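S.K.: Mind folding the following:
(chains A and B)
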Number of protein chains: 2
Amino acid sequence: MHISLDGRRDLAGQIYRQLRAAILDGRLRPEDALPPTRELARHLSVARNTVSVAYDRLMGEGHLTGRVGSGTFVSAAGAPAHTATPGSALRPKPIWDSISPWPGRGTTSDRVRYDFRVGVPDTELFPHESWRRLLAREEPVHGYGNPAGHAGLREAIARHIGVSRAVRTGPGDIVVTSGIQQALDLICRVMLEPGDRIAVEDPGYPPAQLLFRSLGAEVVRVPVDEEGLCVDALPDDARVVYVTPSHQFPLGVSMSLRRRTALLDWARRNRALIIEDDYDTEFRYGGRPIEPLQNLDSSGHVVYVGSFSKVMLPSLRIGFLVAPAPLRQALRAAKYVSDWAAPMAAQAALARFIDEGLLARHIRRMRREYQARHELLTTTLPGWLTLVPCSAGLHVTALADEDPAPAVARMRAAGVGIMTLAECARSSSARPGLVFGYGAIAIDGIAEGMKLVR
Amino acid sequence: MHISLDGRRDLAGQIYRQLRAAILDGRLRPEDALPPTRELARHLSVARNTVSVAYDRLMGEGHLTGRVGSGTFVSAAGAPAHTATPGSALRPKPIWDSISPWPGRGTTSDRVRYDFRVGVPDTELFPHESWRRLLAREEPVHGYGNPAGHAGLREAIARHIGVSRAVRTGPGDIVVTSGIQQALDLICRVMLEPGDRIAVEDPGYPPAQLLFRSLGAEVVRVPVDEEGLCVDALPDDARVVYVTPSHQFPLGVSMSLRRRTALLDWARRNRALIIEDDYDTEFRYGGRPIEPLQNLDSSGHVVYVGSFSKVMLPSLRIGFLVAPAPLRQALRAAKYVSDWAAPMAAQAALARFIDEGLLARHIRRMRREYQARHELLTTTLPGWLTLVPCSAGLHVTALADEDPAPAVARMRAAGVGIMTLAECARSSSARPGLVFGYGAIAIDGIAEGMKLVR
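M.R.: Take a look at the predicted model:
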């Protein structure tokens, strides 16, 4: 419990107010023990009586209770609710104390003029009119819908990813989800017991790791080099490995064919499942595309997950998974117990959006746009940054010789919204570097912003 | 493994084809052991050689492998995929073998002319035009949205349930979910460890129980009588109790005030959480409404959950929870790791639908409509059925003196779609009875259908 005292006036009042605020906003929770007055007084370098006065006042107001022989506690029911529903002695599982949203997808502040946020597409260029027309055209749907998803949408997705990403699939393999995050959740529900090990890339995608930890899985970080995940470093007892082979998050490298083969071999040998997250590689600007693991897999050890957040709008919350036969029924049941089925009207509209060629047209258009941004970004990097080779997606990563935090602080002061590699991956071992997203910033903004970066 | 032989011709071929089908559609899975030829031959009353011929053919095709000294197994990789993705040795956690969707919300067959399905509102009378107009009017939303939900929608929900259901809440207490099912899931993620006990009503709502079981919780069934849940029968070590106090599912009784108070006392005493599912009581046809547990609760032991599936459309997939302060942050984080946030356009449209008074108007209209159906149903029950008193919601339950299954078989043959109390609750202790939903059937249909029931 952090208490800071300012000056020497009204020390008891200062302690009282800070403890009270902590109780009211939930930092101190019902049944939490307070330190003994003697200990807190020593810690704050004040007289013991000063702390006692503060405690007594909180007790008088019902915020604290004293129990003979066992100390002072936050009251179970005494804390007046600061919002409409009351506080209580209930607590979430301890794991939730350490799970808080990753800031990488948050909204930016008004002070950001050059927004290099990662993982956000350009929604200005989306054909909103066509989309709303499709939404409004939908016939009313009765009932709750199929847990696997709208049949027409599953057919459309199967065709779309078959053509655009060489995923071998049919509508029966697909479960429509609320984005990749839910696809990962369903897979974990079906495969993982608490305590099971799941291997992830280091550096890697924080929201996935937060999910895995929240489910009680043991997350094992495995290094990534210029060929992608270091398969040799995988622990043999991992039940699941989560990878982004086509455009590694956040480094941007593509997993080499050799590593892909080795990873598939590893999964077969250890009867482990590979989750292949292919989140943004419909935007590809050159180089030979490597088949997804899903395409190379002949033994059914890969679940392929994708979403429409990058190729359309993140706020749609529509994604999908492609599952091998033995997992399919359980995955559908997992979707059913989780939230029954995806909303039908948006699914039906998306099916038409794909069938009428609007998605393919939008992707073609955005690929040209993003390619121009990608080129401008990669050709205007300052000398102290070294590009990690990358020819797809919506962000590039550049390595620095030293900690870029001071430079980033100056950039942010000048209105450049950018994340360090360490922030982007929450990895202690991340090398110094910066991650430039170019979905939320147009070509002019990149030109201006890069001047400031340089 | 069920194999049925027809006549005496081509017995080996019959066995071969049935085993092959079982392997291809996943009933027999990779690594499953087949019975020894001698045993299967005895079981099927055929010559041992007949079984051997079938096994050999399957081995030749790679569907089976023989291992010296240990028998015959379904091949790990040999089974050709019957859909696009291959089979594998991977298996879901065993719990998923026993989780399959409850048929109570499924679509009905064409043979059903009188559809007394439970829990489905009348979507024909929904103001689809107004709703689509609102959807189409929405401004594009950038980014992923707030995990707690659209701010305007949370304000609208707080006002709506404050007025219509006397729930004491503000927008800060609310998390917008994909329906009640997801609200339950988020609460369980936050509160339950595998093996923890969760108490449910018996008879009770099957989809909730399927969810709880899938999460590894131990589901304890607690009897319901005419006053609602028998609080005295609650196990003291339950961490969570899931109840439908306003309109018990499926019996329809309302929990007495005495029991409500006792349940709140029990929760405080045992530091347990009450989940109050208030799924359809905006439709009330008389009697004095009893305050929700949430309103009576002064100690923060209740999470109130609701949805727009019954008052609007099930396919919207929008619901919410109202949480006491200590659980709020964890519940938001649980929504975040589960699927990030609800789709924004539908949330914004729903906020306007509520703000512009369209929801209140629709509820008023539907209450009149459903009240007429409720009255017709309850006044035309045949003599062998006894109504369980009930003055709210979208279904009524009637008890029978004896097992209604034979009568139901005759009704179904005549085109009446109806469930027995036992089917509706998957409860071994359910009394004989029938459950009549009246959301999916108009007043004329009820009149005609009840003639057949009589």
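S.K.: top strand in chain A by residue count?
M.R.: Under DSSP state E, the strand in chain A containing the largest number of residues is strand A:218-225.
S.K.: other SSEs contacting that strand?
M.R.: If you count contacts as 3 or more Cβ pairs under 8 Å, 6 or more residues apart in numbering or on different chains; DSSP states H and E, strand A:218-225 packs onto strand A:197-202, helix A:206-214. C-betas here are computed from N, CA, C, even on glycine.
S.K.: Among the ones you listed, show me which one is buried the most.
M.R.: Highest mean neighbour count among these (mean count of other Cβ atoms under 10 Å in any protein chain shown): strand A:197-202, with a mean of 25.
S.K.: Parallel or antiparallel, which strands does that one pair with?
M.R.: strand A:218-225 (parallel), strand A:238-243 (parallel) (DSSP bridges).
S.K.: So what's the gap between the longest strand of chain A and the chain middle?
M.R.: 16 Å (Cα atoms, centre = their mean, to the nearest Å).
S.K.: Touching, A:Gly66 and A:Asp56? I think so.
M.R.: No. If you go by Cβ atoms under 8 Å, A:Gly66 and A:Asp56 don't touch, sitting 9.3 Å apart.
S.K.: These two: which is more packed in?
M.R.: More crowded of A:Gly66 and A:Asp56, by other Cβ atoms under 10 Å in any protein chain shown: A:Asp56, with 16 against 13.
S.K.: Give me the phi and psi for the more buried one.
M.R.: For A:Asp56, the backbone dihedrals (degrees, to the nearest 10) come out as phi -60, psi -40.
S.K.: ok, it - contacts?
M.R.: If a contact means Cβ atoms under 8 Å, 6 or more residues apart in numbering or on different chains, then A:Asp56 has no contacts.
S.K.: Shouldn't A:Asp444 be within a helix?
M.R.: Yes. Read with DSSP: H, G, I helix; E, B strand; the rest coil, A:Asp444 is one of the residues of a helix.
S.K.: To what extent is it buried, counted in neighbours?
M.R.: Number of residues near A:Asp444 (other Cβ under 10 Å) recorded here: 9.
S.K.: What separation do you get for it and A:Leu381?
M.R.: 18 Å (Cβ to Cβ, to the nearest Å).
S.K.: again, but for A:Arg426
M.R.: Distance from A:Arg426 to A:Leu381, by Cβ to Cβ: 24 Å.
S.K.: A:Met191 too?
M.R.: Going from A:Met191 to A:Leu381 by Cβ to Cβ gives 40 Å.
S.K.: Of those two, give the one with the bigger neighbour count.
M.R.: Counted by other Cβ under 10 Å, A:Met191 and A:Leu381 do not tie: A:Met191 has more neighbours, with 25 against 17.
S.K.: Could you find the closest non-adjacent residue to the residue in the stretch 151-300 of chain A that chain B sits nearest to?
M.R.: Minimum separation of the stretch 151-300 of chain A from chain B (Cβ to the nearest Cβ) falls at A:Gly300, amounting to 2.8 Å. Once flanking residues are discounted, A:Gly300 sits nearest to B:Ser88: 2.8 Å by Cβ to Cβ, 6 or more residues apart in numbering or on different chains.
S.K.: How many residues are close by the one you found?
M.R.: Residues within reach of B:Ser88, counting by other Cβ under 10 Å, total 26.
S.K.: My reading is that it is in a strand; is that accurate?
M.R.: No. Under three-state DSSP, B:Ser88 falls outside any strand and is assigned coil.
S.K.: quick one: average confidence on the helix or strand just after the longest strand of chain A?
M.R.: Downstream of strand A:218-225, the first helix or strand assigned by DSSP states H and E is strand A:228-229. Summarised as a single mean, pLDDT over strand A:228-229 is 96.
S.K.: what does strand A:228-229 rub up against?
M.R.: In contact with strand A:228-229 (Cβ under 8 Å, 6+ apart) are residues A:201, A:222-223, A:241, A:243, A:245, A:248, A:253-256, A:259-260, A:263.
S.K.: I'd like these written out as TSV, with pLDDT added.
M.R.: Output for the contacts of strand A:228-229, formatted as TSV (pLDDT from 0 to 100):
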residue	pLDDT
A:Glu201	96
A:Val222	96
A:Pro223	94
A:Val241	98
A:Val243	98
A:Pro245	95
A:Gln248	94
A:Val253	93
A:Ser254	92
A:Met255	94
A:Ser256	91
A:Arg259	94
A:Arg260	94
A:Leu263	97
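S.K.: Give me the buried positions along the top helix by length along chain A.
M.R.: Ranked by residue count and defined by DSSP state H, the top helix of chain A is helix A:358-379. In terms of neighbour count (16 or more other Cβ atoms under 10 Å in any protein chain shown), helix A:358-379 has its buried residues at A:358-360, A:362-363, A:366-367, A:369-370, A:373-374, A:377-378.
S.K.: Likewise for stretch A:379-395?
M.R.: A:Leu381, A:Leu385, A:Val388, A:Cys390, A:Ser391, A:Ala392, A:Gly393, A:Leu394, A:His395.
S.K.: does that stretch come close to chain B?
M.R.: No. Judged by Cβ under 8 Å from any Cβ of the partner chain, stretch A:379-395 and chain B are separated, with a smallest distance of 13.7 Å.
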